[in-house]
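**Student:** any chance you can model this:
(one chain, ligands or ions: 1)
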Amino acid sequence: MDNKDTYLLNFKGYNFESSFVDADFLENLDDFEIRDDDVFIITFPKSGTIWTQQILSLIYFEGHRNRTEDLSTLDRIPFFEYNIRKTDFLNRPSPRLFCSHLPYYLVPKGLKSKKAKIIYVYRNPKDVMTSYFHFSNLVVRFEAGNDMEHFMKRFLDGNVVGSRWFDHVRGWYEHRHDFSILFMMYEEMKKDRRSSVLKISRFLEKELGEEDVEAIVEQATFQNMQSDPRANYDEILKYEVGKRTDEGHFLRKGDAQGF
Ligand SMILES: Nc1ncnc2c1ncn2[C@@H]1O[C@H](COP(=O)(O)OS(=O)(=O)O)[C@@H](OP(=O)(O)O)[C@H]1O
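**Tutor:** Have a look, this model is predicted:
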């Protein structure tokens, strides 16, 4: 392991956020036991992770859909390598849902059995970079982006959590045949939420009635997520991740400029 920076921890050529990751967990990632019905949302940072987390929470949990349960999407679908709430993954009931920013070559080898499913969400890199720039200026633990030119250099060089955008997307795409994987494009999700929800639920083999589909599509809008404390990460950002100022939100703009 090589600590390139105070907040970046480089492990096998990939940059993690150092304070949220557990070194032992990383060392044993390969052998983490995968169940056939595990589901992983995988993304490069700032590509639609928490959005997909909300969609899957709505698909899987009736109590999330009809708002009778007040559990955050992070509790329903914890981050795999950034387990900030110390969720006990091994004793978690099935189906276990996770999200992750791991590159293809670091995920547990059990995912190659092709039984567990992966939803890989990607987003136009210019919007990823813009989102990342603002996020870096907001989060205490990250190195502030300063001006965009300075941040762009870091982003293009891969000196950010997640390393290089291009390597991440290309790696997953080139190795797609090794996994049971569905690729979702942020811009398409933005253009047609309903079709995206249907595509995801078909892939997950989850049958949904028309009313359920409506409820999911509705609660997965940017505006509705912004005002849903279970999904907007406001509290998590404030109390668990740490913000530099009171301004700024995880759900910042949600724009899709397209390629
Ligand atoms: N419902 C919905 N619709 C459209 N866009 C959405 C939605 N939910 C989250 N977002 C936007 O996704 C960006 C955050 O990406 P991630 O969730 O991948 O961030 S992270 O990697 O988990 O930190 C961040 O993008 P920016 O607004 O451009 O910064 C969020 O606003």
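**Student:** and residue 219, what does it touch?
**Tutor:** 54, 58, 65, 225, 228, 231 (C-beta atoms under 8 Å, 6 or more residues apart in numbering). In this view, the C-beta of every residue, glycine as well, is placed from N, C-alpha and C.
**Student:** quick one: which of those is nearest the ligand?
**Tutor:** Using C-beta to the nearest ligand atom, residue 225 is the member of the contacts of residue 219 that lies nearest the ligand, at 4.6 Å.
**Student:** distance of that closest one relative to residue 231?
**Tutor:** 5 Å (C-beta to C-beta, to the nearest Å).
**Student:** joint contacts of these two?
**Tutor:** Contacts common to residue 225 and residue 231, judged by C-beta under 8 Å, 6+ apart, are 50, 54, 219.
**Student:** returning to what we had before: higher neighbour count, residue 225 and residue 231?
**Tutor:** Per other C-beta atoms under 10 Å, whichever of residue 225 and residue 231 has more neighbours is residue 231, with 26 against 22.
**Student:** correct me, but that one touches residue 57?
**Tutor:** Yes: counting by C-beta atoms under 8 Å, residue 231 touches residue 57, with 7.5 Å between them.
**Student:** what's the overlap in contacts for those two?
**Tutor:** The contact lists of residue 231 and residue 57 share residue 73, where a contact means C-beta under 8 Å, 6+ apart.
**Student:** in the chain, where's the longest helix?
**Tutor:** helix 125-138 (DSSP state H).
**Student:** just checking, next helix/strand downstream of that helix?
**Tutor:** helix 148-157 (DSSP states H and E).
**Student:** for the stretch 151-259 of the chain, which spans come out with low pLDDT?
**Tutor:** Along the stretch 151-259 of the chain, segments meeting pLDDT under 70 span 258-259.
**Student:** so where do the strands sit in it?
**Tutor:** 180-185 (DSSP state E, counting those that start in this stretch).
**Student:** up against the ligand, what does it have?
**Tutor:** 190, 220-222, 225, 251-255 (C-beta under 6 Å from any ligand atom).
**Student:** mind doing that once more with 5 Å?
**Tutor:** 222, 225, 251-254 (C-beta under 5 Å from any ligand atom).
**Student:** now the residue of the stretch 101-250 of the chain found nearest the ligand: closest residue in space that isn't a chain neighbour?
**Tutor:** Residue nearest to the ligand within the stretch 101-250 of the chain: residue 131 (3.2 Å; C-beta to the nearest ligand atom). Nearest non-adjacent residue to residue 131, counting by C-beta to C-beta, 6 or more residues apart in numbering: residue 46, 4.0 Å away.
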